[in-house]
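K.L.:
attaching a predicted model along with its sequence, questions to come.
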Amino acid sequence: MSFRDDERKRSRSRSRERDNDPRGPPPPPPPPPQGSSYTPQPQAGMMMPGMPMMMMMPQHGGQMMGVPSLAGNSPGMMMAAANPVQEKVNRELFVGNTPPGTSEMLLMQFLNGALKRVGLCEPNVTPIVNCRVNEKFAFIELISADYANKALNVSGIPFMGAHLKVSRPSKYMGPHIPSKTWQELTGQPMPSGIPGVESMGGGGYSDPNEKVMRELFIGNTTPEMSEQMIKDFLGKAMEQVGLTKFPGNPINACRVSGKFAFIELRDKEEAASALNLNNIPFMGAMLRVGRPSKYVGPQVPHGNWEDILAKYMSGELKLGGAPAVAPAAPATGPPTKVVELKHMLTMEDLTNDEEYGEILEDTKEECSQFGALKNIIIPRSGVGATKIFLEYMTTDDAQKAITGLAGRTFDGRKVEAVFFNEDRFNAQDYS
């Protein structure tokens, strides 16, 4: 007997059992009311297609056991019950540029009063219920997401000689809520020269893409380096050599994770300037400063700390000047896709396999910022030893590399960057 025959027998057997049931067949469902839209409802214990298993539990008092009633709740309350953590984030706001010594109670009282003054809340309501203050920023928590949306409109308000910047925290995942600034609400002039205030229009919304433009990766940190130490050291270095646009520490925040850290600057132009801090010595280590992996913006040529320090000591770099970029050396010969770098390496750099691998990796990372890099050749012997050859996809990218690399210093040696003949490169003639 086949498997299919066995199935037919069992099916006929079940049909006979239903026919012999003394209770008879179940009654048909009642007809739908005239002119109404009717969907048959499952009886207790029945399974409808697509119904979750927990919905098959017996009913008790008209309510599914184990399932809390949501009758009368608004969609917002249902979402809050489903994700209370995100609901709390929706009620929080970031307050930046707070003056030193700001107390939590003072900031709460001030902002609550400001909201009442311009009619963003009722006179008998205290919308801000909690506040946590750090050195240069704070977080406030409001009684509802609606009041948090309204509080975005006080961004730019003067407070103890500063202008507060009110925006969403970085973990906010909700929609962008348009809003104004305090100056627009009150008719006051927009303050000039205050970092971040010029971009407060359009909602005080912290655009995550704009935030990535202001973030930098700091590598080669040690366990002894605290967040405050890194922030103070790098910020002071930028101020000393004129890599800042405004007075004060340009670094808003720092977070350390193991052997690396991330810093957030107050301005994307200052973030580009801070790239010149690469290889700055700190507490016995050479810090690596670069863009984070999630950065997808334009690559801006920059120098290293050695270049900036040399320019500053020679008087070439003036305080308050534009971000320093290494000057271009005249490109000798016709343009090609291959760049030759001289005076960067010594024979000692090429003897150790591990060190050679690090040089190759660092060169690839540094020189890829100028364009699409096709190949890197670092001969370890012969006439080409101590030279570095970069093959780009286009001559334009090769020209950018020469402009960005020529004139830099490496271990006290001034780097020379020139075009190299492509035929000789393809023939492995590195003389």
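P.N.:
Ah, there it is. Residues are numbered from 1 along each chain as shown.

K.L.:
CA atoms for contacts and neighbours, from now on please.
P.N.:
OK.

K.L.:
give me the phi and psi for residue 391.
P.N.:
Per-residue torsions, residue 391: phi -110, psi 120 (degrees, to the nearest 10).

K.L.:
ok, how many other residues are close to it?
P.N.:
When neighbours are counted by other Cα atoms under 10 Å, residue 391 registers 22.

K.L.:
need the contact list for it.
P.N.:
337-339, 373-376, 398 (Cα atoms under 8 Å, 6 or more residues apart in numbering).

K.L.:
among the residues you listed, which are in helices?
P.N.:
Taking DSSP state H, the ones among those that sit in helices are residue 398.

K.L.:
just the contacts of residue 391 now: which is nearest residue 173?
P.N.:
residue 373 (36.5 Å; Cα to Cα).

K.L.:
for residue 349, helix, strand, or coil?
P.N.:
Following DSSP: H, G, I helix; E, B strand; the rest coil, we place residue 349 in the helix state.

K.L.:
I figured it hits residue 355, correct?
P.N.:
Yes: between residue 349 and residue 355 a contact is recorded at 6.7 Å, counting by Cα atoms under 8 Å.

K.L.:
check which helix or strand covers residue 289.
P.N.:
strand 285-290 (DSSP states H and E).

K.L.:
whoops, residue 235 was the one
P.N.:
Per DSSP H and E, residue 235 falls inside helix 227-240.

K.L.:
what does that helix rub up against?
P.N.:
If you take Cα under 8 Å, 6+ apart as the criterion, helix 227-240 is touched by 244, 247-251, 253-256, 263, 274, 277, 319.

K.L.:
what are the buried residues along that helix?
P.N.:
Burial within helix 227-240, assessed by neighbour count using 16 or more other Cα atoms under 10 Å, is assigned to 227, 230-231, 234-239.

K.L.:
check those and tell me the two furthest apart.
P.N.:
The two members of those with the most space between them (Cα to Cα) are 227 and 239, at 18.3 Å.

K.L.:
might you report the residue contacts of residue 89?
P.N.:
169, 171-172.

K.L.:
how about 7 Å then?
P.N.:
Going by Cα atoms under 7 Å, 6 or more residues apart in numbering, residue 89 touches residue 172.

K.L.:
confirm that it sits in a helix.
P.N.:
Yes: counting by three-state DSSP, residue 89 is part of a helix.

K.L.:
can you tell me how far it is from residue 169?
P.N.:
Residue 89 is 8 Å from residue 169, where distance means Cα to Cα, to the nearest Å.

K.L.:
how close does residue 243 sit to residue 277?
P.N.:
From residue 243 across to residue 277, the span is 10 Å (Cα to Cα).

K.L.:
so these two - more neighbours on which side?
P.N.:
Neighbour count, other Cα under 10 Å: between residue 243 and residue 277, residue 243 has more, with 30 against 25.

K.L.:
which SSE is that one in?
P.N.:
Judged by DSSP H and E, residue 243 forms part of no helix or strand.

K.L.:
close enough to count as contact, it and residue 272?
P.N.:
No: Residue 243 is beyond contact range of residue 272, at 9.3 Å (criterion: Cα atoms under 7 Å).

K.L.:
before we move on, the earlier item: residues contacting the strand holding residue 289, please?
P.N.:
The contact list for strand 285-290 (Cα under 7 Å, 6+ apart) reads 216-221, 275, 277-281.

K.L.:
those residues in strands, which ones?
P.N.:
The members of the contacts of strand 285-290 that map onto strands under DSSP state E are 216-219, 280-281.

K.L.:
what is the end-to-end distance of stretch 240-260?
P.N.:
24 Å.

K.L.:
what residues sit buried inside it?
P.N.:
Residues of stretch 240-260 classed as buried: 241-246, 249-254, 256, 260 (neighbour count, 16+ other Cα under 10 Å).
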